[in-house]
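Asker: Quick one, fold the following:
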Amino acid sequence: VPEAWDGHESMDEERRAFYEYHSCLLEPWDGPASMTFTDGRKIGALLDRNGLRPSRYTVTKDGLVVMASEAGALPIAPENVLLHGRLQPGRIFFVDTEQGRILSDEEIKGDLVCRRPYRRWLAENRVKLESLPVAAEPEPIDDGLCFRLQEVFGYTLEDLRIVLPPMIVTGVEALGSMGDDTALACLSERPRLLYQYFKQLFAQVTNPPIDSLLERLVMSTISILGGGRNLLDETPEHARLLELAHPILTNEHLARIREISRPGFRARTLPMLFKAADGGDGLKAALEALCQQASAAVAEGANLLLLSDRGVTPDLAPIPALLATAAVHHHLIREESRTKCGLVVETGEAREVSHFALLIGYGAGAVNPYLAFETVRMLIEDGSYVPEGLTLEEAFKHYIKAVDKGLLKIFAKMGISTLQSYRGAQIFEAVGLSKELVARYFTGTPSKVSGVGLDVIA
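Answerer: Here you go, the predicted model:
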C-alpha cells in the first residue's frame, strides 16, 4: 500500500526508489482502506494512498492508545488526553508495546528503504523508453490505402469531424451529452465495433469515484512492460523492466520496442489476422493459433509480445484487437505464464479513449494506434477540420495528451488512481455477446444476457 510517490516532488529519493522498485513487483492497492496489523506484540495501522477512509487515534496520559474510524469511540476524560491525531494518506501509525512507544512513519520507513540498494538496482536495470536507440519506423501509409483501412476498421465521418479534431487541436476529448441514446450494438442494424458491446462499471458504495483533475497528483499513467519475477524475493533483476510514461505509443516508439536489444528483453510480433472467407470458423482457428504462438514465444524467452493487425489484404481481415488481446491475456493466465510477459497492441482499430481503456482493462500494457496517427496526418494536410499552422508533431502530442486525460477520467469513475491497477482489471459488463464467447475469451466478465458469437463478429 505505497504512498502516491510518482507526483510527490519533495519525497526523499531513497523512499521514492523503494516505492519505484516495488512497483516492479506488484501494482499498488488503490481502493479505500484503513488496515490494522499485529503480531501480538506490535500493532500498526495504515491508510490508503488517497486517504479515502477515516481513522482517528487518541493517546492518553496513562499509556492507552485508542484508534477507531471516528473520534469518541470510547469515553475518555478530556484531562487524560495526551494527544489526538488522524492517519495520513499512505502513512503508518505504529505502536511497539515491548518498547512502550509509538514509532513514527519516518523511523519505520527509514529502516526499510535502506535495507537494499534500490536506487542503484533501478539505475542499472530499469529501462526507460526514451533511452532506447531510435529505430526505423514503418513507411507512412499513402492516402488511398489509408481510406481503405479506415473503411476496414469502421471509421465514420463522426470520427473524422467530431471525435478526432478536438483531440488534436486542444488536447482534450470532445464534449458530449450525458448518456448514450444509440441502439445497443447487438440490436443495431449497422455494423458496430466490438468495444461497443461493453459498458464500464462505475464505483458504487465502497469505492468512491475520485476527481481526476483535483486528484491528479495521486494519479499515474506509468506503464511497466516485461517479465515479472518471484514476489517473495528482492534481486536487481526484479527491476529489469521497460517503463513507459504513458500507454500510447507513436510508430517511432513502437519501432524502438520492436528492435530492443537490451539484456533481459526479447520482443516478438504476432499477427492478429484471419482468412475473411472462412468466417467464424476461420476467426476461431486464428485466435487459437495466436494463443499458441504467444505460448511458444513466452516459452522461448520473449517477454514483450506485440500483437499486430498490420498487413490487412482483401483476403486477410483483422481480428478485433480487443478480442485478440483478451484471448491471449486469458490463455496465458490459464497456462500460468501471463506474468512472464507484457502485451503491446499495434492496431488500426483504436482511436477513442474508451477503446484504449478496454484494451488496457483486458491486459494491454501499451497501444500503438497507427491508423489514428495516419488519420491525424491526413486531417492536418487536408486542413478542413483543424486550424492552419498546427504542426504534425503538435497534433500527435495533443492527441496523446487527450487520451491520457481521458483515461484518467475513466479510471477515476471506479476510484482507481493508477494505470497499473486498471490494467487487466476488466471492470466491464458485456452486453449482447454469447455466454460461450465471454467465458472463453473474456473470462470473468459479467454478462446478464447472451447474444452474438464469432460468426457475427467475423
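
Asker: going forward, measure contacts between C-alpha atoms and count neighbours the same way
Answerer: OK.

Asker: thought residue 274 was touching residue 318?
Answerer: Yes: using Cα atoms under 8 Å, residue 274 is in contact with residue 318, at 6.4 Å.

Asker: Could you give me the buried positions within the host helix or strand of residue 16?
Answerer: Applying DSSP states H and E as the criterion places residue 16 in helix 13-22. Buried residues in helix 13-22, counting neighbours by 16 or more other Cα atoms under 10 Å, are found at 14-22.

Asker: Check the offset of that helix from the chain's centre.
Answerer: 21 Å (Cα atoms, centre = their mean, to the nearest Å).

Asker: Report the buried residues of the next helix or strand after it.
Answerer: Proceeding C-terminally, helix 13-22 gives way to strand 34-38 as the next helix or strand, assigned by DSSP H and E. Using 16+ other Cα under 10 Å as the test for burial, strand 34-38 gives residue 34.

Asker: what helices or strands is strand 34-38 leaning on?
Answerer: strand 42-47 (3 or more Cα pairs under 8 Å, 6 or more residues apart in numbering; DSSP states H and E).

Asker: Pairing partners for the strand it packs on, with directions?
Answerer: Next to strand 42-47 in the sheet, as set by DSSP bridges, lie strand 34-38 (antiparallel), strand 92-96 (antiparallel).

Asker: Format those as a markdown table; extra columns: distance to residue 457 and mean pLDDT.
Answerer: Converted to a markdown table, the strands paired with strand 42-47 look like this (distance: least, Cα to Cα, whole Å; pLDDT from 0 to 100):
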| stretch | distance to residue 457 | mean pLDDT |
| --- | --- | --- |
| strand 34-38 | 45 | 93 |
| strand 92-96 | 51 | 94 |
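
Asker: Point out the one among the ones you listed that comes closest to residue 63.
Answerer: Nearest of the strands paired with strand 42-47 to residue 63, taken as Cα to Cα: strand 92-96 at 11.1 Å.

Asker: can you pull out the strands in the stretch 201-350 of the chain?
Answerer: Ranges of strands in the stretch 201-350 of the chain, per DSSP state E, counting those that start in this stretch, are 223-225, 242-244, 267-271, 273-275, 304-308, 316-318, 342-346.

Asker: Show the average pLDDT along the helix or strand following the last one.
Answerer: Spelled out, that is strand 342-346. Counting by DSSP H and E, the element after strand 342-346 in chain order, helix or strand, is helix 353-361. Confidence for helix 353-361, expressed as mean pLDDT, is 97.

Asker: okay, the angle between helix 353-361 and strand 342-346?
Answerer: Put simply, helix 353-361 runs at 150 degrees to strand 342-346, going by axes from the mean of the first three to the mean of the last three Cα atoms, to 10 degrees.

Asker: helices and strands around helix 353-361, which ones?
Answerer: With contacts taken as 3+ Cα pairs under 8 Å, 6+ apart, helix 353-361 sits against helix 321-334, strand 366-368, helix 392-413.

Asker: Which stretch among those is buried most, on average?
Answerer: Of the helices and strands packed on helix 353-361, the one with the most neighbours on average (mean count of other Cα atoms under 10 Å) is strand 366-368, at a mean of 25.

Asker: list the helices and strands the helix or strand following that one packs on?
Answerer: Downstream of strand 366-368, the first helix or strand assigned by DSSP H and E is helix 370-382. The contact analysis (3+ Cα pairs under 8 Å, 6+ apart) places helix 370-382 against helix 143-152, helix 164-170, helix 392-413.

Asker: which parts of helix 370-382 are buried?
Answerer: Neighbour-count burial for helix 370-382, counted by 16+ other Cα under 10 Å, picks out 370-380.

Asker: With stretch 106-121 instead?
Answerer: Going by neighbour count (16+ other Cα under 10 Å), the buried part of stretch 106-121 is 109, 113, 118-119, 121.

Asker: Please apply the same query to stretch 438-458.
Answerer: By neighbour count with 16+ other Cα under 10 Å, stretch 438-458 contains the buried residues 438, 441-443, 445-447, 450-454, 457-458.

Asker: Tabulate the residues you listed (CSV), appending secondary structure and pLDDT.
Answerer: As requested, the buried residues of stretch 438-458 are arranged in CSV below (DSSP: H, G, I helix; E, B strand; the rest coil; pLDDT from 0 to 100):
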residue, secondary structure, pLDDT
438, helix, 97
441, helix, 97
442, coil, 98
443, coil, 97
445, coil, 96
446, coil, 95
447, coil, 94
450, coil, 93
451, coil, 93
452, strand, 93
453, coil, 94
454, helix, 95
457, helix, 93
458, coil, 93
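
Asker: Nearest to residue 103, out of these: which one, please.
Answerer: Using Cα to Cα, residue 445 is the member of those that sits closest to residue 103, with 43.9 Å.

Asker: nearest residue to that closest one other than its sequence neighbours?
Answerer: Spatially, and ignoring its direct neighbours in sequence, residue 445 is nearest to residue 429 (6.0 Å; Cα to Cα, 6 or more residues apart in numbering).

Asker: And the particular helix or strand that has that neighbour in it, how far out from the chain middle?
Answerer: According to DSSP H and E, residue 429 maps onto strand 428-430. Chain-centre distance of strand 428-430: 17 Å, with Cα atoms, centre = their mean.

Asker: Just give the strands next to that strand in its sheet, each with its orientation.
Answerer: Applying DSSP bridges, strand 428-430 is found paired with strand 198-200 (antiparallel).

Asker: Can you name the two of the buried residues of stretch 438-458 that sit furthest apart?
Answerer: Largest separation among these by Cα to Cα: 446 and 458, giving 22.6 Å.

Asker: quick one, what contacts residue 167?
Answerer: By Cα atoms under 8 Å, 6 or more residues apart in numbering, the contact list for residue 167 reads 173-174, 398-399, 402-403.

Asker: what do you get for residue 58?
Answerer: Taking Cα under 8 Å, 6+ apart, one finds 65-67, 71, 81-85 in contact with residue 58.

Asker: Now with 10 Å, please.
Answerer: 64-68, 71-74, 76, 81-86 (Cα atoms under 10 Å, 6 or more residues apart in numbering).

Asker: circling back to that earlier point, compile the strands paired with strand 42-47 into a markdown table and extend it with columns for distance to residue 390.
Answerer: Output for these, formatted as a markdown table (distance: least, Cα to Cα, whole Å):
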| stretch | distance to residue 390 |
| --- | --- |
| strand 34-38 | 49 |
| strand 92-96 | 49 |
